[in-house]
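Student: Pasted the sequence and its predicted model underneath.
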Amino acid sequence: MQMEELKIRYPSGFERAVHMTKSELEHHLRLMAALKMIELGKVSSGKAAELAGMSRIEFLETCGRYRISLFNYPPGEVEEELRRDLEAARNLITQ
């Protein structure tokens, strides 16, 4: 997998203020960005896992630890999807 590079400016000594090494800070920022992007529905869990430098399973477990939902439905869409599923199930039963 080919990777791009993004430079982020931050205050001198910031890594010490958050009690991390530069490497730990980089990993943590990538993880936080991936978690927020998945929370906002901007990327798939696979792409977010790539950004975080994790396997998809590790990333999904991490989402659970940070209480990030993987189900980002707009208001009303869950009800509509459930209605369609129930209708499909009823059709299967009556056939």
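Tutor: The structure has been received and is ready for your questions.
Student: Could I get the buried residue list for stretch 34-54?
Tutor: Using 16 or more other CB atoms under 10 Å as the test for burial, stretch 34-54 gives 34-35, 37-39, 43, 48-52, 54. Quick note: C-beta positions are derived from backbone N, CA and C, even for glycine.
Student: Just those residues: which are in helices?
Tutor: 34-35, 37-39, 48-52 (DSSP state H).
Student: Closest one of the buried residues of stretch 34-54 to L6?
Tutor: Nearest to L6, judged by CB to CB, of the buried residues of stretch 34-54 is L51 at 10.2 Å.
Student: So which residue is dead centre in the protein?
Tutor: Note on the chain: the residue nearest the mean C-alpha position is I38, at 3.0 Å, using CA atoms, centre = their mean.
Student: now the buried residues of stretch 34-54 in CSV, with pLDDT and distance to L70?
Tutor: Formatted as CSV, the buried residues of stretch 34-54 follow (pLDDT from 0 to 100; distance: CB to CB, whole Å):
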residue, pLDDT, distance to L70
A34, 97, 12
L35, 97, 11
M37, 95, 12
I38, 94, 7
E39, 92, 9
V43, 92, 12
A48, 96, 10
A49, 96, 12
E50, 96, 16
L51, 96, 15
A52, 97, 14
M54, 97, 14
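Student: before we move on, the earlier item: residues in contact with the residue lying closest to the residue nearest to the centre of the chain once chain neighbours are set aside?
Tutor: Excluding the flanking residues, the one nearest I38 by CB to CB, 6 or more residues apart in numbering is A48, at 4.4 Å. Contact analysis of A48 by CB atoms under 8 Å, 6 or more residues apart in numbering lists 34-35, 37-38, 59.
Student: re the thing from before, turn the buried residues of stretch 34-54 into a markdown table, including distance to R83.
Tutor: Formatted as a markdown table, these follow (distance: CB to CB, whole Å):
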| residue | distance to R83 |
| --- | --- |
| A34 | 33 |
| L35 | 31 |
| M37 | 29 |
| I38 | 26 |
| E39 | 26 |
| V43 | 28 |
| A48 | 29 |
| A49 | 32 |
| E50 | 35 |
| L51 | 35 |
| A52 | 35 |
| M54 | 36 |
